[in-house]
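1. sequence plus predicted model, see below.
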Amino acid sequence: MEPNLKNVKIVLVEPKGSFNIGSVVRVMKNMGLSGLALINPADYQNEEAYKASVGARDILDGAHVFPTIEEAIKDTHLIVGTTRRSGKSRRIFCSVEELPEKIFPVLRDGKVSILFGREDNGLSNRETDLCSILVNIPASKSFPSLNLSHAVAVVGYKLFTDAMVCRVPYISDPVSNAEIEGFLDYMQSIFTDLGFFSKGTPDYVIPLFRKIFGRALLDREEVDNLTYIFHRLHGLCKKGSSF
């Protein structure tokens with residue numbers, strides 16, 4: 001079955017230029033993408049944006065605006081962040097070439113959000129912590145920063161061309177990001193109650209589990225089983241019992 005690119009949401013985080021936003025929607029339509037979310041954008045319903053969008057005004061007018069990334073991604077099942085920087089908190093888990101095989105299994109029954117950061121400084125560490133997968137777009141070391149619409153074009157082109165030829169197994173009944181976040185909150189409450197965070201909350205713990213669960217593409221039965229396991233573990237630890 002052909003991957004459903006209508007279930008891909010492009011998320012632009014605080015885009016600063018209306019022309020850039022218009023250019024993004026044009027290339028989205030070129031590549032068969034139609035879902036657009038904007039986080040605290042510049043004015044985008046103006047002559048400059050419409051001029052840049054050319055024949056893709058329908059995507060521009062259909063964009064959804066959100067105050068936070070969390071609001072924009074809560075109905076999706078896999079969160080992808082694009083970045084050109086690496087580091088301890090920005091482990092690169094796949095290249096653009098590898099991205100289709102990571103996300104296509106989700107696209108029959110679930111949705112994928114792909115985050116693109118600000119034109120001047122990209123995504124913050126806190127924002128990349130929300131992502132299950134980080135994607136690196138290769139570019140010359142002497143000038144590695146891509147224009148926003150060009151970055152969307154590179155990712156979109158790879159998804160579009162692979163979708164025409166790829167046939168992949170699908171994951172049925174994936175849980176949404178909102179449900180994963182609810183489970184992570186439950187885990188954190190258990191850790192806190194058991195004194196695991198007695199010396200302060202390590203900032204890597206919840207992001208670590210978020211990335212693991214996101215890449216695992218958990219279904220509902222698996223989350224229900226994990227919830228039971230942690231509930232049982234919590235009860236036994238509180239009683240001082242053994243398994």
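-> In hand now; what should we look at?
2. CA only for contacts and neighbour counts going forward, please
-> OK.
3. tabulate the CA atom coordinates of stretch 42-56 in PDB.
-> Provided in PDB are the C-alpha atoms of stretch 42-56 (Å, rounded to 0.1, in the frame of the first residue of the first chain):
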ATOM      1  CA  ALA A  42       4.700  36.200  11.400                       C
ATOM      2  CA  ASP A  43       1.800  37.500   9.400                       C
ATOM      3  CA  TYR A  44       1.300  35.100   6.600                       C
ATOM      4  CA  GLN A  45      -2.100  36.000   5.100                       C
ATOM      5  CA  ASN A  46      -0.800  39.000   3.100                       C
ATOM      6  CA  GLU A  47       0.200  39.800  -0.400                       C
ATOM      7  CA  GLU A  48       3.800  38.800   0.000                       C
ATOM      8  CA  ALA A  49       3.000  35.400   1.300                       C
ATOM      9  CA  TYR A  50       0.300  34.800  -1.400                       C
ATOM     10  CA  LYS A  51       2.700  35.900  -4.100                       C
ATOM     11  CA  ALA A  52       5.300  33.400  -2.900                       C
ATOM     12  CA  SER A  53       2.800  30.600  -2.600                       C
ATOM     13  CA  VAL A  54       1.800  30.900  -6.300                       C
ATOM     14  CA  GLY A  55      -0.700  28.000  -6.800                       C
ATOM     15  CA  ALA A  56      -0.600  26.700  -3.300                       C
END
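4. which pLDDT value goes with the most centrally placed residue in the chain?
-> In the chain, the residue lying closest to the centroid (Cα atoms, centre = their mean) is residue 79, at 2.0 Å. With respect to pLDDT, residue 79 has a value of 95.
5. can you check residue 91 too?
-> Confidence score, pLDDT, at residue 91: 63.
6. for residue 1, same thing?
-> pLDDT, read off for residue 1, is 62.
7. please apply the same query to residue 87.
-> For residue 87, the model assigns a pLDDT of 55.
8. repeat that for residue 167.
-> Looking at residue 167, its pLDDT stands at 67.
9. got it, and residue 112?
-> 97.
10. now residue 106. Nearest residue, chain neighbours left out?
-> Leaving out its chain neighbours, the residue that sits closest to residue 106 by Cα to Cα, 6 or more residues apart in numbering is residue 171, at 5.7 Å.
11. make sure the one you found is indeed in a strand.
-> No - looking at residue 171 with DSSP: H, G, I helix; E, B strand; the rest coil, it is coil, so not inside a strand.
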